[in-house]
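Chemist: Turn this into a structure:
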Amino acid sequence: MIYTVHTLLAAMRDVLKPGDMDSCLEDVLDIIVQEQFTAVSEEKEVGEIKAEVSEAKKNPTPGTLLLLGRYVSSSAVGVLLNRFINVVDSLTSAKMISRARNLLSMFANGLKDNQGFAPTSQLILIHQMLVTNIEKMKPVASSQKEEDGVPEEEHKSCLLLPPEPKRIGVLVKPVLKCRSHIFLEFALQLLGALITGKHFDRNQADHVQRLDPFVSLITQCLEFKYEKVISNALRCLNGMLHMSLPSVQSSLKQISERLFLLLSEYSVLGSAANKESVLALNQLLCKSFTQLIVMADNPFLTDKHVSLLLSYVEIDVLDANRQATAFALIKALVRKKVEHSQIAEVMKKLRELSITSSYPHIRTQCREVLCEFIGNHPCSDDPQKHIEWFIAQLGYELEDGRLSAADMLNSLFSRLQPTVLNSSCFFNVSKMGPMLFNEESVKCRKFIAAALNKLLSSVSDSSRADVFSACSDWLELQGEEQEGARSIAVDLLVQISKIERHAFAPRFKEILPSLKSILMSESLWSDNSERTISGICYGIASMLQSMGESAMDMLATEDFCLLFDSLEPLMKCSGSATIRLSAACLVGQCLCSYDPAFFTAERSSQLIAWCCWQLRDKLLSEDVALQASKILMVISRHLNEDQFKSLVEKLASICRFEISHQPNASLKRSTCFKMAAALMIHEEDSFKVDTTVEHFLPLLVREMNRKSSKDTEELYTISMEVGEVFKNKLGEQKYAAQLAECQKAAILKAEQRKRKAKELALTNPEEAVQLKRKKNAKKAEARKRKIDVLKPYRVLNRLHAEKKRAQLNDDD
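Modeler: Just a heads-up that it's a prediction; the model follows:
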């Protein structure tokens with residue numbers, strides 16, 4: 001029956017209004033009581049019935065009560081509650097009592113959404129229920145044996161044995177046997193839902209006046225021994241603390257003492273602490289303490305209380321289930337500047353945890369607490385001690401710890417006053433510089449560089465000038481053993497340039513001779529590692545970028561011209577793609593502020609030769625190809641016809657080189673095809689357009705015909721897209737005519753190749769047979785490689801057989 005009732009109510013929920021359920025409320029309650037608290041409920045728990053009857057597989061009663069709570073009128077709520085009081089008083093099974101509690105909880109969830117039951121009216125109901133049930137749950141004294149008047153004379157016992165000795169100690173006061181705590185939970189749950197549902201505004205005096213009487217009732221509820229009652233009471237208390245009620249300030253001491261008693265009872269260790277109810281209580285207690293500390297106008301915590309809270313915080317921080325509330329509590333204590341000798345010890349543990357913890361959110365929370373503490377709290381040590389400790393942690397073995405240390409230093413440098421940082425600026429920089437040089441992780445290097453940037457931007461100009469002066473001296477150091485000093489100097493100068501921007505131009509002129517001497521030195525390759533050389537190139541490029549328009553003046557200096565011309569060994573460094581890329585980036589940065597006086601025809605031809613060398617390299621990488629193509633595109637806009645034709649011929653030559661020497665690669669062709677498309681889009685000169693079409697269209701036709709053995713689809717797609725660019729530039733008719741000529745030339749070339757092969761077979765059969773054998777051998781080798789990829793064990797077997805043959809040959 002309850003299944004049918006719930007189905008009907010759920011289907012009509014869109015048309016029901018508050019009060020529509022009053023007429024049938026008694027009937028629905030009869031069905032609920034029968035289904036849940038009589039023998040019918042026991043039948044539904046039989047496994048065979050559950051398996052065969054679909055209606056018994058799920059319990060629709062809680063959902064029915066949820067709908068009743070939404071659509072009953074305010075006058076009918078008392079009828080339902082009285083019915084439940086009568087039912088609950090007759091129950092003797094703990095299971096049935098728990099079931100009644102869950103049903104009332106669902107009714108409360110529905111009642112909070114009841115549009116016909118105003119929140120202010122619900123407060124009256126809640127107040128009545130709290131007062132009534134609190135009185136029922138209070139302990140009562142034992143009945144007095146003595147009546148008023150003269151006591152009767154005690155009769156002497158006629159038994160030989162003396163009476164049994166009575167129990168010593170404090171007598172336990174008996175409690176009336178009742179089920180009032182269930183309805184107390186219901187009232188508290190409903191009150192908490194109203195408060196957290198933002199039905200009341202702290203800025204409205206009427207709302208504050210209505211909620212104020214509940215403070216004393218909630219405090220009384222905290223004295224009971226029922227966990228769910230305490231949990232719901234704490235939720236209500238936390239909501240009321242946000243409302244700034246007058247009674248909270250007046251009873252602050254009483255509330256805090258009760259909370260400390262609860263904390264001592266429920267903050268336990270071991271397996272008992274993992275109970276869901278205990279965890280929830282601990283979290284609610286921490287939230288209550290946090291809110292009390294934040295909103296209290298006068299300090300109410302004694303040294304003993306603070307010591308107790310800090311002890312629990314130390315334990316809870318290590319517990320994954322309690323960390324969130326523990327960090328909120330310690331933040332509140334720090335922000336309120338609560339003084340205690342134990343706070344410094346807690347901060348040391350949080351400091352270590354910010355580095356050693358394996359959880360990112362814990363490291364973040366520890367850093368936030370420390371940032372609030374260092375330099376702001378009365379118990380804080382000298383901030384420089386903390387800075388030195390975190391600088392030392394930049395050498396921690398795990399990357400996450402090093403990242404956390406760098407992030408913490410960044411936060412400290414941004415929060416602390418410049419007067420605190422100025423005195424120790426050079427010391428901190430000299431300590432962090434070697435950490436930056438020795439760091440292998442790219443991510444950690446970025447974090448440390450960001451921390452250095454924040455430090456140098458926070459200090460005074462004189463302190464930053466001292467660092468620049470030291471960097472200038474370090475750049476002049478020579479020898480392999482001074483490589484670290486030079487690298488650190490460049491990194492620091494980059495950070496200073498990012499801070500000073502245009503004002504860094506005079507400083508750059510001072511260090512330019514030192515940078516030039518490093519790159520032009522004969523001992524460049526012996527005194528510096530790959531990372532240092534690339535770091536210098538990247539550093540110069542970054543300084544030029546930071547200076548903006550002021551970099552134009554640098555290009556006109558003689559020292560920079562010599563430095564730029566000395567980049568050829570770096571651009572053509574065959575042993576390191578990193579150095580080639582860094583040098584190309586430096587050239588690209590110079591081109592950002594293009595100066596015709598600097599980029600003469602000779603220098604432009606030189607740059608074209610460098611970039612084409614990089615594109616022709618067999619070990620070409622995508623990054624180098626992209627940077628080289630960018631450089632060539634910028635230079636191509638400033639070339640005359642002869643220079644432009646030479647550039648296009650070189651790019652076409654690179655494509656043919658890849659076809660003949662690296663047929664399995666496609667990076668060179670795809671890069672050159674994209675450059676050809678860019679040239680066609682940007683160029684308006686007819687000679688340059690025709691030159692580009694003449695040299696690239698045959699290559700595009702080859703890929704359109706899918707002649708490549710590898711990456712056929714990729715090259716085909718690119719060639720078709722570039723062909724569309726050519727067609728839009730030339731026009732359909734001219735493009736079609738030239739395309740047909742290229743197709744015809746390709747066919748003739750293939751026929752000539754076949755004819756030459758046949759002629760060779762007739763004129764020189766031995767050479768033809770030898771060529772055919774080479775071709776077949778290549779095919780067999782390619783087939784073997786494909787099989788080896790599918791069956792790797794063949795490679796091991798072959799190596800094993802070759803070793804055996806070699807041993808046999810040695811024995812012979």
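
Chemist: who touches the closest residue to F560 other than its chain neighbours in this structure?
Modeler: Excluding its sequence neighbours, the residue lying closest to F560 (C-beta to C-beta, 6 or more residues apart in numbering) is M554, at 5.3 Å. Where you see a C-beta, it was placed from the backbone N, CA and C, and this is true even at glycine. Applying C-beta atoms under 8 Å, 6 or more residues apart in numbering, we find M554 in contact with 505, 508-509, 512, 544, 547, 560.

Chemist: Show the model's pLDDT score for M554.
Modeler: The pLDDT attached to M554 in the predicted structure is 85.

Chemist: tell me which element it falls in.
Modeler: In this assignment (DSSP states H and E), M554 forms part of helix 551-555.

Chemist: Over to R101?
Modeler: According to DSSP H and E, R101 maps onto helix 94-111.

Chemist: counting contacts, what elements does that helix pack onto?
Modeler: helix 25-37, helix 61-71, helix 74-89, helix 180-196 (3 or more C-beta pairs under 8 Å, 6 or more residues apart in numbering; DSSP states H and E).

Chemist: can I get these in CSV with mean neighbour count, distance to K803 and mean pLDDT?
Modeler: Formatted as CSV, those follow (neighbours: other C-beta atoms under 10 Å; distance: least, C-beta to C-beta, whole Å; pLDDT from 0 to 100):
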stretch, mean neighbour count, distance to K803, mean pLDDT
helix 25-37, 17, 81, 81
helix 61-71, 23, 76, 84
helix 74-89, 16, 87, 86
helix 180-196, 23, 77, 89
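
Chemist: Which one, of those helices, ends up nearest to F327?
Modeler: Among the helices and strands packed on helix 94-111, the nearest to F327 by C-beta to C-beta is helix 180-196 (22.0 Å).

Chemist: I'd like the distance from the residue nearest to F560 to Q495, if you could.
Modeler: Separation of M554 from Q495 (C-beta to C-beta, to the nearest Å) stands at 19 Å.

Chemist: Do a quick rundown of the helices in the stretch 601-750 of the chain.
Modeler: Assigned by DSSP state H, counting those that start in this stretch, the stretch 601-750 of the chain shows helices spanning 601-616, 622-636, 641-661, 667-682, 686-704, 712-730, 732-763.

Chemist: for the second one, which positions count as buried?
Modeler: Translated: helix 622-636. By 16 or more other C-beta atoms under 10 Å, the buried positions in helix 622-636 come out as 624-625, 627-632, 634-636.

Chemist: how about the residue nearest to the spatial centre of the chain, what does it touch?
Modeler: For the chain, the residue nearest the mean C-alpha position is P360 (8.6 Å; C-alpha atoms, centre = their mean). Residues in contact with P360 (C-beta under 8 Å, 6+ apart) are D400.

Chemist: Give me the distance between the closest residue to L771 other than its chain neighbours and S267.
Modeler: Spatial nearest neighbour of L771, excluding adjacent residues (C-beta to C-beta, 6+ apart): L760 at 7.6 Å. From L760 over to S267 the distance is 95 Å, taken as C-beta to C-beta.

Chemist: With neighbour numbers in mind, choose between the two.
Modeler: Between L760 and S267, counting by other C-beta atoms under 10 Å, S267 is the more crowded of the two (19 against 14).

Chemist: need the contact list for the more buried one.
Modeler: Per C-beta under 8 Å, 6+ apart, neighbours of S267: 273, 282, 285, 312, 315-316.

Chemist: cool, S121 as well?
Modeler: S74.

Chemist: Is K431 in a helix, a strand, or coil?
Modeler: helix (DSSP: H, G, I helix; E, B strand; the rest coil).

Chemist: Could you count how many residues lie near it?
Modeler: K431 has 15 neighbours, counted by other C-beta under 10 Å.

Chemist: and it, what does it touch?
Modeler: Neighbours of K431 in contact, by C-beta under 8 Å, 6+ apart: 388, 391.

Chemist: Backbone dihedrals for L370, both of them.
Modeler: L370 adopts backbone torsions of phi -70, psi -40, taken as degrees, to the nearest 10.

Chemist: Ramachandran coordinates for R202?
Modeler: phi -70, psi -20.

Chemist: these two touch, right, it and L241?
Modeler: No: counting by C-beta atoms under 8 Å, R202 stays clear of L241, with 10.5 Å between them.

Chemist: Neighbour count: these two, which is higher?
Modeler: L241 (20 against 13).

Chemist: any idea how far I218 is from that one?
Modeler: 10 Å.

Chemist: How about V306?
Modeler: Taken as C-beta to C-beta, the span from V306 to I218 is 24 Å.

Chemist: Mean pLDDT per helix and strand in this structure: which one sits at the bottom?
Modeler: Within the chain, no helix or strand scores below helix 47-52, which has a mean of 55 by mean pLDDT, DSSP states H and E.

Chemist: Of all the helices of the stretch 601-750 of the chain, which one comes closest to Q34?
Modeler: Using C-beta to C-beta, the nearest of the helices of the stretch 601-750 of the chain to Q34 is helix 712-730, at 72.4 Å.

Chemist: So which bits of the closest one are buried?
Modeler: Buried residues in helix 712-730, counted by 16+ other C-beta under 10 Å: 715-716, 718-719, 722-723, 725-727, 729-730.

Chemist: elements contacting that helix?
Modeler: The contact analysis (3+ C-beta pairs under 8 Å, 6+ apart) places helix 712-730 against helix 667-682, helix 686-704, helix 732-763.

Chemist: For those helices, give me TSV that also has distance to S404 and mean pLDDT.
Modeler: Putting the helices and strands packed on helix 712-730 into TSV (distance: least, C-beta to C-beta, whole Å; pLDDT from 0 to 100) gives the following:
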stretch	distance to S404	mean pLDDT
helix 667-682	39	92
helix 686-704	51	90
helix 732-763	60	83
